[in-house]
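1. model this:
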Amino acid sequence: MLSSSARRSASPTGWNSWRRNTFSKSIDDASLTSTNSGYLGSFASLQDPNNPGLERSLSTFDIPHVLQFSYTYELPIGRGKWIGSTMSPVVNGILGGWPHERDLALQ
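-> Here you go, the predicted structure:
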């Protein structure tokens with residue numbers, strides 16, 4: 001498995017973003033053992049009982065490449081922020097510091 005990531009942080013604006021890349025390969029000789037699921041590329045029975053090594057191939061759950069993007073944005077609400085800069089500490093504890101987050105994974 002090969003993995004890389006990059007992170008960018010812009011603290012004064014409350015914006016953080018991440019990018020992750022993963023390259024991998026899963027190889028086995030029996031991804032499925034209890035059912036004949038040919039549409040998944042695997043069978044429960046051996047192709048050649050005299051040579052079980054022929055079963056070795058990519059796993060049915062192999063995901064060779066995953067590209068993931070994430071970001072976090074802290075909403076500008078609360079003490080010292082654009083909205084509600086003069087909030088009391090109690091109100092700031094309830095309304096301030098809320099983030100907005102999103103994740104996107106492409107496989």
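2. mind showing which ranges of the protein have poor pLDDT?
-> Along the chain, segments meeting pLDDT under 70 span 1, 10-12, 31-46.
3. domain ranges for it?
-> Domain segmentation of the chain under automatic domain parsing yields 1-24+63-107, 26-60.
4. now residue 4: closest residue in space, sequence neighbours ignored.
-> Nearest residue to residue 4, sequence neighbours excluded (Cβ to Cβ, 6 or more residues apart in numbering): residue 21, at 4.8 Å. (Glycine included, C-beta is placed from N, CA and C.)
5. contacting residues around the one you found?
-> By Cβ atoms under 8 Å, 6 or more residues apart in numbering, the contact set of residue 21 is 3-5, 65-68.
6. do residue 87 as well
-> By Cβ under 8 Å, 6+ apart, residue 87 lies in contact with 78-79, 95-96.
7. next one: residue 72
-> 15-17, 99-101.
8. tell me which element it falls in.
-> Using DSSP states H and E, residue 72 sits within strand 65-74.
9. partners of that strand in the sheet?
-> Taking DSSP bridges as the criterion, strand 65-74 sits next to strand 15-23 (antiparallel), strand 99-106 (antiparallel) in its sheet.
10. comparing these, which stretch has the densest surroundings?
-> Mean neighbour count (mean count of other Cβ atoms under 10 Å) peaks for strand 15-23 among the strands paired with strand 65-74, with a mean of 15.
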